[in-house]
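A.B. asks: Next come a sequence and a model predicted from it.
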Amino acid sequence: MIAASPMASTGGCVDTASGARTNLPVIRERGQHEVFCGLTGIVWLHRKMQDAFFMVVGSRTCAHLVQSAAGVMIFAEPRFATAILSERDLAGLADANEELDRCVTTLLQRRPDINALFLVGSCPSEVIKLDLHRAAERLNERFMPQVQVLNYSGSGIETTFTQGEDACLRCLVPIMPATTGTVAELLIVGTLPDMVEDQFARLFAQMGVGPVHFFPPRRARQLPPIGANTRVLLAQPFLGETARALMARGGTLLAAPYPFGVCGTTDWLQAVADAYDVSAETFAKVTAAPSDRAHAAVSRYKPWLEGKRVFFFPDSQLEIPLARFLHEECGVELVEVGTPYLDRLMIETELARLPATAQVSEGQDVEKQLDRCRTSRPDLTVCGLGLANPLESEGLRTKWSIELVFSPVHGYEQAGDLAELFARPLDRASRLAV
Ligand code: SF4
């Protein structure tokens, strides 16, 4: 926690419609990029689905990545592992499918608590040659109904960082049951910490909205239903493939910004209120107290953030919603907002709220982007771990973007923590300044 100075609540959300942009001159780059691969999603997915196991089929590099990103679990039974291709596999002396079946059998015999097993593909060419979809089908013949085996790719060639979650959820959509009734059902899509999920569930209940389902669920085999009566609301901006698959099964996507900060959360809830004809009076009654609390919490960190210039490197795909939050609620000036890819279906609502002065960039040519960052000398640079230390050594203050993915930052109760995550490096810099 940084020491917070008191500041009056700012009241309602800022209306940025007048300064909004609709036709952005976007820089598009396709050069060398510094982004984690989709295996990283296992870190939060295995915590969410508590009966699932993630088996990466990959190399020692994959094992090191997942292990160091997730931390070593010494006292608990882990729920992820890597089936590492050995010299024998690479030399073609072993049948990789037989080896995989052997690994899975040993695992499932040892761990009867596993109900769903995800085989996660990776980059090495030997893995690409393996048909994991077929392998999952073959293993299902043996292990269903006790264990359902699924597969998706977390390969760095096909996915960046958060796209791993998209690929994982996408592979679950075909096995979601169909809805049986005609009453509208709300489906919140995207991994949220249980505590945040409970907060949202309470707000929906107070608004009289229900039934509400969360996807992914806490138990991987208890999948929510999907059908023509499902209203789909995204909690994360990187789930384009999943959203399209849910729409193909009849779901209606609610257009909304993402629940980051007070305004994002209010507008996200408002999209539900509109879809369910919740009265303005009820909506105001339900949201007034938590939104006032959140305004007060965010305001405490405004003195560090107001007027500061922030540069986002592309990493987690959260950049545009977070930039919108910093601009609207913290008075931050946005220099560049980089995003790994721009999926307009996912991000249009957010994009329109960025100020006309913010340079948006899609993809990356890291050296060119570093040059732009050095030239503009922002007060704070939000970037991946690999870029942070070199930039710090050049006197630039940085924030690790991975922290923004691993911390609970959605909703009213976390809005102050979100502002604090950005304020902390600036506070530290001001304390260390001679
Ligand atoms: Fe590296 Fe590819 Fe494995 Fe990711 S999937 S750790 S990018 S080898």
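C.D. replies: That came in fine, so what should we check first?
A.B. asks: give me the beta-bridge partners of the closest residue to residue 60 other than its chain neighbours?
C.D. replies: Nearest residue to residue 60, sequence neighbours excluded (Cβ to Cβ, 6 or more residues apart in numbering): residue 84, at 5.8 Å. Quick note: C-beta positions are derived from backbone N, CA and C, even for glycine. On the basis of DSSP bridges, residue 84 is bridged to residue 58.
A.B. asks: Show the model's pLDDT score for residue 84.
C.D. replies: Residue-level confidence at residue 84 comes out at 81, pLDDT.
A.B. asks: what residues are up against it?
C.D. replies: 58, 59, 60, 62, 63 (Cβ atoms under 8 Å, 6 or more residues apart in numbering).
A.B. asks: Got phi/psi on the fourth one?
C.D. replies: If I follow you right, that is residue 62. Phi and psi for residue 62, reported as degrees, to the nearest 10, are phi -60, psi -40.
A.B. asks: helix or strand right after the one helix or strand residue 389 maps to?
C.D. replies: Per DSSP states H and E, residue 389 falls inside helix 385-393. Per DSSP H and E, the first helix or strand lying C-terminal to helix 385-393 is strand 398-400.
A.B. asks: so after that following strand, what's the next helix or strand?
C.D. replies: helix 401-406.
A.B. asks: Let me know whether residue 294 touches residue 416 as I believe.
C.D. replies: Yes. Using Cβ atoms under 8 Å, residue 294 makes contact with residue 416 at a distance of 6.7 Å.
A.B. asks: With neighbour numbers in mind, choose between those two.
C.D. replies: Shown here are residue 294 and residue 416; by other Cβ atoms under 10 Å, residue 294 has more neighbours (26 against 22).
A.B. asks: Surely residue 304 is in a strand?
C.D. replies: No. Assigned with DSSP: H, G, I helix; E, B strand; the rest coil, residue 304 falls outside any strand and is helix.
A.B. asks: Setting aside sequence neighbours, what's the nearest residue to it?
C.D. replies: That would be residue 423: by Cβ to Cβ, 6+ apart, it lies 4.0 Å from residue 304.
A.B. asks: Can I get the helix or strand hosting the one you found in PDB, CA atoms only?
C.D. replies: Element membership for residue 423, per DSSP H and E: helix 415-432. Taking C-alpha atoms only, helix 415-432 is exported to PDB below (Å, rounded to 0.1, in the frame of the first residue of the first chain):
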ATOM      1  CA  ALA A 415     -11.200   0.100  -8.500                       C
ATOM      2  CA  GLY A 416      -9.000   1.700  -5.900                       C
ATOM      3  CA  ASP A 417      -6.500  -1.200  -6.100                       C
ATOM      4  CA  LEU A 418      -6.400  -0.800  -9.800                       C
ATOM      5  CA  ALA A 419      -5.500   2.900  -9.500                       C
ATOM      6  CA  GLU A 420      -2.900   2.100  -6.800                       C
ATOM      7  CA  LEU A 421      -1.200  -0.400  -9.100                       C
ATOM      8  CA  PHE A 422      -0.400   2.500 -11.500                       C
ATOM      9  CA  ALA A 423       0.300   5.000  -8.800                       C
ATOM     10  CA  ARG A 424       2.800   2.800  -6.900                       C
ATOM     11  CA  PRO A 425       5.800   3.100  -9.200                       C
ATOM     12  CA  LEU A 426       5.200   6.900  -9.400                       C
ATOM     13  CA  ASP A 427       5.000   7.200  -5.700                       C
ATOM     14  CA  ARG A 428       8.200   5.100  -5.300                       C
ATOM     15  CA  ALA A 429      10.000   7.300  -7.800                       C
ATOM     16  CA  SER A 430       9.000  10.500  -6.000                       C
ATOM     17  CA  ARG A 431      10.300   9.000  -2.700                       C
ATOM     18  CA  LEU A 432      13.600   8.000  -4.200                       C
END
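A.B. asks: From the rest of the structure, what touches that helix?
C.D. replies: 1-3, 260-262, 265, 294, 296-298, 300-302, 304-305, 308, 310, 322, 325-326, 329-330, 332, 379-380, 382, 397-399, 403-404, 407-409.
A.B. asks: Which pLDDT value does the model give the residue nearest to residue 304?
C.D. replies: Note for residue 423: predicted pLDDT of 97.
A.B. asks: same question, residue 89
C.D. replies: 66.
A.B. asks: For the stretch 201-350 of the chain, just list every one of the helices.
C.D. replies: Assigned by DSSP state H, counting those that start in this stretch, the helices in the stretch 201-350 of the chain fall at 240-248, 261-275, 280-299, 302-305, 319-330, 344-351.
A.B. asks: Tell me the buried residues in stretch 214-222?
C.D. replies: The neighbour-count check on stretch 214-222 (16 or more other Cβ atoms under 10 Å) flags 214, 215, 216, 217, 220 as buried.
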